[in-house]
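# Following is a predicted model, sequence given first.
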Amino acid sequence: MTFSQLADWFLERRSKPPFRSAGNHQQNLNAMKFLRPVFGTVALSDITAEAIEEYLAERLRCGRRVHTKRGLELRGTVKPATVHQEFRILSHMLNVAVKQKRLSDNPCRAVEFPVSVAKSTRKPHYMSASEQEKIEFAAPNYLRNVVVIIAETGLRYKKELLSMKKGQVDLENGIVHIADSKTVNGIGDMPMATAAREAFQRQIEETPGSEYLFPSPKRTASKPYLTNLRKAWAVTLKKAGLQHFALYEVRHTFATRLSAGGVADHMVTQMLRQGDAEVFKLYSQAKLGMMREALAKLDRKANERPGNLFTERPN
């Protein structure tokens, strides 16, 4: 099988809604514009790590094409984040080929990113407990409820939470039904802990007269619920005195806390409701930050204090 044949199958079977969102599908289509000319006729077994590294290096040297009134122009070079996205899509496609036994191993595993790519790829932010307290104190009520719910359930705030109707929340049984999601695996029921249940209950009580949990102030037919929290989130972080990070990264915090609490990786993946277990690695990266915090508290002189159980005593 050639890369082009895999790409055709992938775009048709694994890229389109409802398996993936329309936005993700468009990202995949954009990446194929550059991946196909290089790997299109190459057999999957002939794609090497060296060839992938050469592709990355060449893409980073390419001019960035911009549509203007005068036509297509080259301005600067392609952003490293764009190249990284293409690499992620390529890696995901080859992982699918490995699972289907069309490829023995994914060559992307042996690829080392150019320095510029590695430095530009921001690691997920882990929201600490103290940060969450500051955010909840500074946030308006509805946004505070959003933060608590995401941190306690891992819901995707745009696709799953903001559009949610009150009828989907079963407070008595502690279950929330997810009717629409980014992936097929995301649709279903999600249990909730006490903190999430209290946040859902507060939000229901604070929005009487609406079937939606987060109704839009305008309440038009086309936008009956909130669709964007970017401005409110930025203002809240500024009031809280915190560096900016994206609201969706609170979902990373949910996964990281589960993992740090000893929950098995496969169970964390299920609770994230992801179709690809490899995605778990992204959401658990912030656990390294927690480990560093723990190491910073290491007391190297603990055994030298008088009366310490581990203090050596002369015979």
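Yes, it's here.

# So what's the model's average confidence on the longest helix along the chain?
In the chain, taking DSSP state H as the definition, the longest helix is helix 80-99. Across helix 80-99, the average pLDDT comes to 90.

# Same question for stretch 48-68.
Here the average pLDDT along stretch 48-68 is 85.

# Please identify the buried residues of the longest helix of the chain?
80, 82-97 (16 or more other CB atoms under 10 Å). For glycine as for every other residue, the C-beta is placed from the backbone atoms N, C-alpha and C.

# in the stretch 151-300 of the chain, which spans are strands?
In the stretch 151-300 of the chain, the strands defined using DSSP state E, counting those that start in this stretch lie at 169-170, 175-178, 188-191.

# Next, the buried residues of the second one.
It refers to strand 175-178. 176, 178.

# May I have the strands that pair with it, each with its orientation?
strand 169-170 (antiparallel), strand 188-191 (antiparallel) (DSSP bridges).

# Deepest in the core, which of the ones you listed is it.
strand 169-170 (a mean of 18; mean count of other CB atoms under 10 Å).

# pLDDT on the helix or strand residue 23 falls within, on average?
Take DSSP states H and E as the rule and residue 23 turns out to sit in helix 22-39. For helix 22-39, the mean per-residue pLDDT is 91.

# Find the nearest non-adjacent residue to residue 131, please.
Distances taken as CB to CB, 6 or more residues apart in numbering put residue 242 closest to residue 131, at 5.9 Å, once the chain neighbours are dropped.

# which residues of the stretch 1-150 of the chain fall in strands?
Taking DSSP E, counting those that start in this stretch as the test, the strands found in the stretch 1-150 of the chain are 63-68, 71-77.

# and the residue nearest to residue 241 when sequence neighbours are not counted, how many neighbours does it have?
For residue 241, ignoring the flanking residues on the chain, the nearest one in space by CB to CB, 6+ apart is residue 134 at 6.8 Å. For residue 134, the neighbour count with other CB atoms under 10 Å is 17.

# so how far is residue 103 from residue 134?
Distance of residue 134 to residue 103, computed by CB to CB, to the nearest Å: 47 Å.

# pLDDT weak spots in the stretch 151-300 of the chain?
Applying pLDDT under 70 to the stretch 151-300 of the chain flags residues 181-186, 219-221, 274-300.

# now do 80
180-188, 218-222, 259-300 (pLDDT under 80).

# what are the ranges of the helices in it?
Taking DSSP state H, counting those that start in this stretch, the helices of the stretch 151-300 of the chain run over residues 194-206, 230-240, 250-260, 265-272, 279-284, 287-296.

# got these as a markdown table, with distance to residue 127 columns?
Shown next, in a markdown table, are those (distance: least, CB to CB, whole Å):
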| stretch | distance to residue 127 |
| --- | --- |
| helix 194-206 | 14 |
| helix 230-240 | 11 |
| helix 250-260 | 4 |
| helix 265-272 | 16 |
| helix 279-284 | 13 |
| helix 287-296 | 10 |
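
# Quick check: which of those is buried the most?
It is helix 250-260: most buried of those by mean count of other CB under 10 Å, with a mean of 22.

# before we move on, the earlier item: my guess is the residue nearest to residue 131 contacts residue 132, does it?
No - contact criterion CB atoms under 8 Å: residue 242 and residue 132 do not qualify, at 10.1 Å.

# sorry, back to before: roughly how far apart are the residue nearest to residue 131 and residue 233?
11 Å.

# and what of residue 75?
In terms of CB to CB, residue 75 sits 30 Å off from residue 233.

# Fine by me, thanks again.
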